[in-house]
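A.B. asks: Fold the following for me, if possible:
(one chain, ligands or ions: 1)
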Amino acid sequence: SNAIILANPPVTTIQPDTFKLESGRELAALADGEILIRMEYFSNDPAQRGWIQANSDAARAYVKPVRQGDIVRAMGIAVVLDSKSTKWKTGDKVVGMFGWFDVGVVNEAAVTSAAIELPGMPTATLSVLGMVSVTAYQGIFEILKVEKEHVVVISGAAGAVGSLAIQLAKHVIGAKRVIGIAGGPEKCAWVVNHLGADACIDYKAGNLEADLKEALKGDFCDRYFDNVGGDVLNTMFRNVTRHGKIGVCGAISVYNGAKADLSSFTQVISNRIQIEGFIVLDMVPKWAQAVQDLAKWIQEGKIKTDEAEQVVDAQLKDVPEVWQRLFRGENRGKLITKLVE
Ligand code: NDP
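C.D. replies: Have a look, this model is predicted:
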């Protein structure tokens with residue numbers, strides 16, 4: 001077996017020696033409840049950066065931290081090669097919390113479900129019917145409780161979570177105005193033309209606040225779905241309406257240790273802004289319902305599956321490099337790695 005090990009847990013940015021490929025690892029014989037799997041696809045998630053953070057406080061983490069010498073944890077789709085589980089048999093395709101390896105032994109508890117395929121989309125359980133889409137669902141319905149009369153702003157709008165959040169707010173709820181924030185004119189054009197947002201602001205153009213005010217057309221924002229944190233969040237503190245709400249889904253702009261200016265935080269007080277962080281794991285009891293709803297909206301054409309994913313072929317040694325594209329904004333929609341020899 002071959003695996004990518006966390007060689008040096010990062011403090012800030014990923015370094016050339018952060019990860020190490022270990023070849024020829026011995027696999028233990030299967031114990032009861034375990035399965036032997038071959039990874040086919042990896043989900044690329046910004047959250048993995050948090051899991052591998054050096055010296056993180058396990059007592060404050062929502063999942064067990066990955067420590068030095070551990071295989072880097074990753075979600076993915078795998079095929080079962082051998083099984084001592086009563087739940088999964090040889091040949092099953094499973095989705096779960098696995099790791100950056102080609103072949104490995106995992107406990108059946110690591111599996112979250114069977115892989116669901118949509119026509120021409122073997123990886124739908126990593127994208128439109130997967131964790132990221134349930135996250136968007138949680139943020140829009142459970143946390144922000146978006147309604148028709150709301151003006152909604154969503155950052156990371158061209159990404160996996162953001163692209164779903166835009167479509168849920170616009171096409172499922174029919175919110176008054178749905179405004180995306182994304183990096184670059186091409187992504188913004190896609191958010192408007194393909195996803196159907198009313199406007200999308202290129203935060204890299206350097207006029208975020210002026211462009212935002214123009215897109216808001218004199219309103220303030222009722223609901224802000226935050227995927228990026230940092231300077232964009234600081235700008236939003238000044239543009240969320242009195243008694244409005246911010247749902248904090250992610251803060252990718254600071255995952256690699258960048259320092260951000262959050263000096264407008266006092267607006268939270270003066271404008272009685274509500275802020276709620278959330279983690280998709282809390283959706284477990286509602287997961288099946290969320291996936292059923294998402295599937296229905298896909299069928300009704302309210303959520304698009306074309307261009308929802310970007311699948312990149314990579315050998316195991318290149319898996320960390322593909323993942324880092326998330327932090328350079330090189331993906332549109334859900335970034336998935338297909339493991340090739
Ligand atoms: P995306 O598909 O959105 O990919 C990441 C995107 O982040 C990039 O494409 C890039 O888009 C943007 N980005 C990167 N660096 C910066 C930066 N410095 N400032 C602003 N934007 C940046 O990833 P996901 O959809 O998987 O995740 C989106 C967010 O949701 C993340 O913060 C993630 O941690 C969070 N998340 C939270 C979950 C939860 O349970 N709370 C579950 C899943 C995800 P651009 O080109 O526009 O800059």
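A.B. asks: For the nearest residue to residue 118 once chain neighbours are set aside, give me phi and psi.
C.D. replies: Distance criterion Cβ to Cβ, 6 or more residues apart in numbering; nearest residue to residue 118, sequence neighbours excluded, is residue 124 at 4.2 Å. To be clear about C-beta, it is placed using only N, CA and C from the backbone, and glycine gets the same treatment. The phi and psi values for residue 124, taken as degrees, to the nearest 10, are phi -60, psi -30.
A.B. asks: Can you tell me how far the spatially most central residue of the chain is from residue 102?
C.D. replies: Centroid-nearest residue in the chain, with Cα atoms, centre = their mean: residue 132, separated by 4.7 Å. From residue 132 across to residue 102, the span is 24 Å (Cβ to Cβ, to the nearest Å).
A.B. asks: now swap in residue 284 and tell me
C.D. replies: Residue 284 sits 29 Å away from residue 102, taking Cβ to Cβ as the criterion.
A.B. asks: Those two: which is more packed in?
C.D. replies: Using other Cβ atoms under 10 Å as the criterion, residue 284 and residue 102 rank with residue 102 on top: 20 against 10.
A.B. asks: Up against the ligand, what does the protein have?
C.D. replies: Residues of the chain that fall close to the ligand, judged by Cβ under 6 Å from any ligand atom: 45-47, 132, 135, 156, 158-162, 182-184, 187, 227-228, 249-253, 278-280, 326-327, 329, 331, 335.
A.B. asks: So which of these sit within helices?
C.D. replies: Mapping the residues of the chain next to the ligand onto helices (DSSP state H) picks out 47, 132, 135, 160-162, 187.
A.B. asks: Which one (most neighbours) among those?
C.D. replies: Per-residue neighbour counts (other Cβ under 10 Å) across those peak at residue 160, which has 32 neighbours.
A.B. asks: Isn't it up against residue 131?
C.D. replies: No: contact criterion Cβ atoms under 8 Å: residue 160 and residue 131 do not qualify, at 9.0 Å.
A.B. asks: helix/strand/coil for residue 290?
C.D. replies: Under DSSP: H, G, I helix; E, B strand; the rest coil, residue 290 falls in the helix class.
A.B. asks: Quick one, grab the pLDDT at it.
C.D. replies: The score at residue 290 is 98. That number is its pLDDT.
A.B. asks: what sits against it?
C.D. replies: By Cβ atoms under 8 Å, 6 or more residues apart in numbering, the residues touching residue 290 are 133-134, 137-138, 283.
A.B. asks: before we move on, back to that, for the residue lying closest to the residue nearest to the centre of the chain once chain neighbours are set aside, list the residues it contacts.
C.D. replies: Using Cβ to Cβ, 6+ apart and skipping the chain neighbours, the partner closest in space to residue 132 is residue 160 (4.0 Å). By Cβ under 8 Å, 6+ apart, the contact set of residue 160 is 127, 132-133, 331, 333-335.
A.B. asks: Residue 194 reaches residue 305, doesn't it?
C.D. replies: No: contact criterion Cβ under 8 Å: residue 194 and residue 305 do not qualify, at 11.7 Å.
A.B. asks: if we can go back for a sec, need the ones in helices among the residues of the chain next to the ligand in CSV with distance to residue 213 and pLDDT, can you?
C.D. replies: Converted to CSV, those look like this (distance: Cβ to Cβ, whole Å; pLDDT from 0 to 100):
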residue, distance to residue 213, pLDDT
47, 32, 98
132, 30, 98
135, 28, 98
160, 28, 99
161, 25, 99
162, 21, 99
187, 21, 98
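A.B. asks: can you redo those as a markdown table with distance to residue 61?
C.D. replies: Rendered in a markdown table, the data for these read as follows (distance: Cβ to Cβ, whole Å):
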| residue | distance to residue 61 |
| --- | --- |
| 47 | 11 |
| 132 | 20 |
| 135 | 18 |
| 160 | 22 |
| 161 | 20 |
| 162 | 24 |
| 187 | 31 |
